[in-house]
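Enquirer: When you get a sec, could you give me coordinates for this:
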Amino acid sequence: MAAAAGLNVRQGAGAARRGTSGPRLLAAIVLLGGWQMLAVSGLLFRDVVPPLGALAAGLWGVVTDGEFWGNALVTGSELLAAVLVGGVLGVAVGLVFGTSRFVSAAFERWVTWLGPTPKIILFPVLILLCGVGPSSKVAMGAVSCFFPLVLSTAAAVRGVNPVLLRVARSLRARRYQILLKVYLPATVAPLLNGVRLGFGVALIGVLLAETKLSNQGIGFAVMQAYARFDMPRMYGLLILVVGFAAAVNVGLEHAARRGAGAAIRKDH
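Expert: A predicted model of the protein is given here:
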């Protein structure tokens, strides 16, 4: 029964991917064709929308430039630190919210209200607290990552099968054992979906911070290309950022799907 449920999940996911591959390919063709038509139409100022050939040249120039890889290393290290700090704190606070009605009633509404607030308005405060170095960019990304993970973790914990909790309590499991052995394994898929959201906003937060006050990083490189009106290079940098974010998102989505399949097999 469990194997059949897992097989159904995998088959359904595979059918969904096959069903959407055609429309996605068509959308990509339409997007590229529309871009090229707009580039050669003369409706916009020259080079604001470069033709596809210029975009390809700009992208190649970026990936063959050693300066780009140095900036990518800076942004990647800041992003990794931001996701780790914001993610660990978000999951920890979310577990507390999900398991304690008192703490949730006292604080969760405030987190819900603060969650949609644009975190960039906090950047001056973070500069005062952390300085103008990499720490302020990491803090900006961590704050952005924290809120979606808190809310998704709390919701996932509340959705845990109560039978699992009763079994753990009947075996006299301690609180930390219930957290590690019941809550965390049962919430793998929702947590990974929360990480997807947290990663995206953390990337936005780090890049925005780099555009405001930095002399290195991808955000800084984008603003430098814009200042020189080097549109092919700027678009090349943006394409790489979008491609990187999409690749990470696909990987986390695949991991979440496998986690959901494992949870179904465990429940059965």
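
Enquirer: which residues of the chain score low on pLDDT?
Expert: Where the chain drops to pLDDT under 70, the residues are 1-19, 259-268.

Enquirer: Now do the helices in it.
Expert: 2-41, 52-63, 66-99, 101-103, 109-114, 123-130, 134-158, 162-170, 175-178, 184-186, 188-212, 218-227, 231-267 (DSSP state H).

Enquirer: So which of those has the densest surroundings on average?
Expert: Across the helices of the chain, the average number of neighbours (mean count of other C-beta atoms under 10 Å) peaks for helix 134-158, which reaches a mean of 24. No exception for glycine: its C-beta is placed from N, CA and C like everyone else's.

Enquirer: Which other helices and strands does that helix contact?
Expert: helix 66-99, helix 109-114, helix 123-130, helix 188-212 (3 or more C-beta pairs under 8 Å, 6 or more residues apart in numbering; DSSP states H and E).

Enquirer: and the closest residue to F68 other than its chain neighbours, how far is that from E78?
Expert: Ranked by C-beta to C-beta, 6 or more residues apart in numbering and with sequence neighbours excluded, the top spatial neighbour of F68 is V62, at 5.1 Å. Look at V62 and E78: by C-beta to C-beta, to the nearest Å, they are 19 Å apart.

Enquirer: still on that earlier bit, now do the contacts for the residue nearest to F68.
Expert: 68, 233, 236-237, 240 (C-beta atoms under 8 Å, 6 or more residues apart in numbering).

Enquirer: and the two most separated of these?
Expert: R233 and L240 (10.8 Å; C-beta to C-beta).

Enquirer: Nearest to T117 among the contacts of V62?
Expert: Distances from T117 to the contacts of V62, taken by C-beta to C-beta, are shortest for L237, at 27.7 Å.

Enquirer: was I right about the closest one contacting G217?
Expert: No. Between L237 and G217 there is no contact under C-beta atoms under 8 Å: 10.8 Å.

Enquirer: Now render the helices and strands packed on helix 134-158 as a markdown table, adding distance to G141.
Expert: A markdown table is the format used below for these (distance: least, C-beta to C-beta, whole Å):
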| stretch | distance to G141 |
| --- | --- |
| helix 66-99 | 3 |
| helix 109-114 | 16 |
| helix 123-130 | 10 |
| helix 188-212 | 4 |
